[in-house]
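Engineer: Build me a model from this:
(chains A and B)
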Amino acid sequence: MLTARYIANDKLMPWLLSLTETRQVLAPVQAGGQTLFAPLDENSRLDLKGLADASAKAALLPRCETLFEFHYSKGEGVPSKTELEVRETLPDQDTFLFGARPCDAKGFTVFDRVYDAGTRRDIYYCTRRDKTLVAALACTEPADTCFCNRVGGGPGDTDGADMLFTPVDGGYVIESVTEKGEAFLAEQPLMEAEERKEEARKVREAVSEAMPGGDPLGGTEGEVLRLFDDKEFWGGVAAKCLSCGACSYLCPTCYCFNMTDEVNGDDGVRVRTWDNCMSFQFTLEGSGHNPRDGKAQRMRNRIGHKFSYYPELHDGNLACVGCGRCIVHCPVSMDVRAIVAQARDRALAKEEHAND
Amino acid sequence: MTSTDATNLYLPDMATIQEVIQETSNIKTFRITLNNPDAMRNFRFEPGQVGQLSVFGVGESTFVINSSPTRMDYLQFSVMRVGELTEKLHKLRVGDQVGVRAPLGNCFPYEDMKGKDIVFVGGGIGMAPLRTLLLYMLDNRDDYGKISLLYGARSPSDMAFSYELPEWLGREDMTTELTVDNGTPDWKHHVGLIPNVLKEMAPSAENAFAVTCGPPIMIKFTIEALHSLGFKDEQIITTLEKRMKCGVGICGRCNIGTKYVCKDGPVFTNAQLKELPNEL
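Structural biologist: This next block holds a predicted model:
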């Protein structure tokens, strides 16, 4: 941390609204019985009590975004000839993302490794990432479905964030994490708070200690692969899944997408939309062949991607940040923690059996 | 429009259809050139790489570039009509505009194959990826040993590239065998399944590579036949098909375990495939 500032509770909303004059401010607000990240205005009901119902990933990867526009027209002089013009549409809005929890911010690091990989830069994501300040908010009341501490995170972690807000008596201590965050804070009319950094640290430490325990869920890369052909296991795990996709749409780390064209007369757009690997259509090939034609294969890939394939490709980092939204919102109460633990137990039991 | 110097992975280059060839009742070949002359002149690809073809308003789909890098007058894609996008592609005519994002993916290990005998085994539209490598090798003939081709289709009228077959049959520096499942009275070549004809041909596995592409069931039995002829898994090369969207390993659709067919493939040896989780 480079710099610490302080803002009182009653100054927070006016300060956030002042930021809207120069940029979009996304924050968790109550609407329709839910708390979701949305553009803030004077009528917004800020909700900073717990985890928002959906993750903050739409700030960097919108549910639906236009990649480019195209326009057909009749060719000049040759009526039968059709001309086509294609126009790139890149994001250009500066954004302040406020109230992302440490798990949400860490989710962006999962995206970064895929969308900003050396020469392979997804210009839409990277532009948004550059134009967005991620202000994380340390958790003080983790839910019993939270398990960031079991997947390499913590309720006061700063991975993926530019600054961290920690609730303290009467307000928030704000500490910069990145140079981008430091530069931003330096320009803000906020109180110096070097002397309150220790208070903030103690708050985070207390919450960290109060988190529910449990074995780490990482390091299971080999287990999932050893169970790859265990039809009984994956069939059992997937049996009650409805393939509704709630888990992947709410997940801060799920980044799969679809690309489709939409047309209206001579005009059209190519759009990118979130996709769901639990859907049958996700891998359905033109020939009719589907390499993952059953729920069991799709569940195996989903769990495998988060806990085996992704960590293998990215230095052991999991594609799960332990926010627990997939547990809270699953209509049939599936629990990813239990699935991974069962996979590990079963793989170990098989290994022991093989060694006997 | 916001301008940027960075490459946009998803923005296709505009291209014009220069020629359309009706290969069979449901396969057409499109020869295209990039509209930007500099882009066309500087375009580089290697045999086996694929491209995403766009029909704006319908979408994109992946096809192998089946022309050879040694013949850069145009880029050639052969398309079987199987769905909405390919249906629309089949309706396009000379002069129409398409988008192309290419080259994508890996290529045949044509450098490692130098000095070896090469056995091509293609079935149906699976001949397309083999064609690019075959043309490349014929244009660099001295670098390779014996070249033999076994190409099969359901019937004589289902054989793509029929206009090239007389040349391939007539060349003294390659052996060409054709087979169909169902012959016609004037069919003068083999009638029978590809793996059976392959066993009759009995190419030597010594100092050789086999390259095969076709329907999954054909590949399965072709690999069995190659094994029976003494070919090891590392001598057998194939290309995989998967549903792809981004083509650059991001959208998460074409993975088999940790491998993404769009960037780690589509070309794999059978030895590499055996290392992958069984999810083809």
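Engineer: For chain A, just list every one of the helices.
Structural biologist: With DSSP state H as the criterion, chain A has helices at A:9-19, A:102-115, A:123-131, A:179-186, A:197-210, A:221-226, A:231-238, A:246-250, A:295-304, A:310-313, A:325-329, A:336-355.
Engineer: Buried ones in the third one, by neighbour count?
Structural biologist: For helix A:123-131, a neighbour-count test (16 or more other C-beta atoms under 10 Å in any protein chain shown) marks A:123-129 as buried. (C-beta placed from N, C-alpha, C; glycine too.)
Engineer: Please tabulate the helices of chain A in JSON lines, including the columns distance to chain B and mean pLDDT.
Structural biologist: Formatted as JSON lines, the helices of chain A follow (distance: least, C-beta to the nearest C-beta, whole Å; pLDDT from 0 to 100):
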{"stretch": "helix A:9-19", "distance to chain B": "22", "mean pLDDT": "97"}
{"stretch": "helix A:102-115", "distance to chain B": "6", "mean pLDDT": "98"}
{"stretch": "helix A:123-131", "distance to chain B": "5", "mean pLDDT": "97"}
{"stretch": "helix A:179-186", "distance to chain B": "19", "mean pLDDT": "96"}
{"stretch": "helix A:197-210", "distance to chain B": "32", "mean pLDDT": "95"}
{"stretch": "helix A:221-226", "distance to chain B": "7", "mean pLDDT": "82"}
{"stretch": "helix A:231-238", "distance to chain B": "11", "mean pLDDT": "95"}
{"stretch": "helix A:246-250", "distance to chain B": "10", "mean pLDDT": "96"}
{"stretch": "helix A:295-304", "distance to chain B": "7", "mean pLDDT": "95"}
{"stretch": "helix A:310-313", "distance to chain B": "5", "mean pLDDT": "95"}
{"stretch": "helix A:325-329", "distance to chain B": "17", "mean pLDDT": "97"}
{"stretch": "helix A:336-355", "distance to chain B": "14", "mean pLDDT": "88"}
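Engineer: Is it possible to get CSV of these that adds distance to residue A:157?
Structural biologist: Output for these, formatted as CSV (distance: least, C-beta to C-beta, whole Å):
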stretch, distance to residue A:157
helix A:9-19, 22
helix A:102-115, 4
helix A:123-131, 18
helix A:179-186, 15
helix A:197-210, 9
helix A:221-226, 22
helix A:231-238, 29
helix A:246-250, 20
helix A:295-304, 23
helix A:310-313, 18
helix A:325-329, 17
helix A:336-355, 19
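Engineer: Tell me which residue of the stretch 151-300 of chain A lies closest to chain B.
Structural biologist: residue A:256 (3.6 Å; C-beta to the nearest C-beta).
Engineer: How much space separates the residue nearest to that residue when sequence neighbours are not counted from residue B:19?
Structural biologist: Sequence neighbours aside, residue B:252 is the residue nearest to residue A:256 in space, at 3.6 Å (criterion: C-beta to C-beta, 6 or more residues apart in numbering or on different chains). As judged by C-beta to C-beta, to the nearest Å, residue B:252 and residue B:19 stand 36 Å apart.
Engineer: ok, those two, which is more surrounded?
Structural biologist: More crowded of residue B:252 and residue B:19, by other C-beta atoms under 10 Å in any protein chain shown: residue B:252, with 22 against 12.
Engineer: Can you give me every residue that contacts the more buried one?
Structural biologist: The contact partners of residue B:252, by C-beta atoms under 8 Å, 6 or more residues apart in numbering or on different chains, come to A:255-257, A:275, A:277, A:305.
Engineer: For it, give me the pLDDT.
Structural biologist: At residue B:252, the model reports a pLDDT of 91.
Engineer: So it belongs to a helix, correct?
Structural biologist: No - assessed with DSSP: H, G, I helix; E, B strand; the rest coil, residue B:252 is coil; it does not lie in a helix.
Engineer: Make TSV from the buried residues of helix A:123-131 and add distance to residue A:14 to it.
Structural biologist: Conversion of the buried residues of helix A:123-131 to TSV gives the following (distance: C-beta to C-beta, whole Å):
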residue	distance to residue A:14
A:123	35
A:124	33
A:125	32
A:126	32
A:127	30
A:128	27
A:129	28
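Engineer: now, which of these sits nearest residue A:296?
Structural biologist: residue A:125 (31.6 Å; C-beta to C-beta).
Engineer: which residues sit in contact with the closest one?
Structural biologist: A:60-61, A:111, A:115-116.
Engineer: Repeat that for residue A:343.
Structural biologist: Contact analysis of residue A:343 by C-beta under 8 Å, 6+ apart lists A:220, A:223-224, A:227, A:233, A:237, A:303, A:307.
Engineer: about what we covered before: which of the contacts of residue A:125 sit farthest apart?
Structural biologist: A:61 and A:116 (12.2 Å).
Engineer: So which of the two has more stuff around it?
Structural biologist: When residue A:61 and residue A:116 are compared for neighbours, residue A:61 comes out ahead with 20 against 15, by other C-beta under 10 Å.
Engineer: okay, that one: pLDDT?
Structural biologist: You'll see residue A:61 listed with a pLDDT of 97.
Engineer: can I assume it is in contact with residue A:111?
Structural biologist: Yes - at 6.8 Å, residue A:61 and residue A:111 qualify as touching, with contact defined as C-beta atoms under 8 Å.
Engineer: okay, and the common contacts of those two?
Structural biologist: A:125, A:255.
Engineer: Just the pLDDT for the nearest residue to residue A:269 once chain neighbours are set aside.
Structural biologist: What sits nearest to residue A:269 in space, not counting adjacent residues and going by C-beta to C-beta, 6+ apart, is residue A:66, at 4.7 Å. Per-residue confidence (pLDDT) for residue A:66: 97.
Engineer: ok, so what distance separates the closest residue to chain A within chain B from residue A:248?
Structural biologist: Relative to chain A, the nearest point of chain B is residue B:252 (3.6 Å; C-beta to the nearest C-beta). Going from residue B:252 to residue A:248 by C-beta to C-beta gives 10 Å.
Engineer: Please name the residues that touch residue 268.
Structural biologist: In the absence of a named chain, chain A is used. By C-beta under 8 Å, 6+ apart, residue A:268 lies in contact with A:69-72, A:261-262, B:56-57.
Engineer: The intended chain is chain B.
Structural biologist: Going by C-beta under 8 Å, 6+ apart, residue B:268 touches B:237-240, B:276.
Engineer: Quick check: bridge partners of it?
Structural biologist: Beta bridges link residue B:268 to residue B:238, judged by DSSP bridges.
Engineer: on that earlier part again, so can I have a markdown table of the contacts of residue A:125 showing distance to residue A:322?
Structural biologist: A markdown table is the format used below for the contacts of residue A:125 (distance: C-beta to C-beta, whole Å):
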| residue | distance to residue A:322 |
| --- | --- |
| A:60 | 19 |
| A:61 | 20 |
| A:111 | 16 |
| A:115 | 21 |
| A:116 | 23 |
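Engineer: all helices in chain B, in order from the N-terminus.
Structural biologist: Using DSSP H, helices in chain B cover B:37-42, B:84-91, B:127-139, B:165-170, B:194-201, B:216-228, B:270-275.
Engineer: Return the most buried member of the ones you listed.
Structural biologist: helix B:127-139 (a mean of 23; mean count of other C-beta atoms under 10 Å in any protein chain shown).
Engineer: Let's see it as PDB, backbone CA atoms only.
Structural biologist: C-alpha atoms of helix B:127-139 as PDB (Å, rounded to 0.1, in the frame of the first residue of the first chain):
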ATOM      1  CA  MET B 127      -9.500 -34.200 -48.000                       C
ATOM      2  CA  ALA B 128      -9.400 -30.400 -47.700                       C
ATOM      3  CA  PRO B 129      -6.700 -30.100 -44.900                       C
ATOM      4  CA  LEU B 130      -4.700 -32.800 -46.700                       C
ATOM      5  CA  ARG B 131      -4.800 -30.900 -49.900                       C
ATOM      6  CA  THR B 132      -2.900 -27.900 -48.600                       C
ATOM      7  CA  LEU B 133       0.000 -30.100 -47.300                       C
ATOM      8  CA  LEU B 134      -0.100 -32.300 -50.400                       C
ATOM      9  CA  LEU B 135       0.300 -29.200 -52.700                       C
ATOM     10  CA  TYR B 136       3.000 -27.800 -50.500                       C
ATOM     11  CA  MET B 137       5.000 -31.100 -50.700                       C
ATOM     12  CA  LEU B 138       4.500 -31.400 -54.400                       C
ATOM     13  CA  ASP B 139       5.800 -27.900 -54.800                       C
END
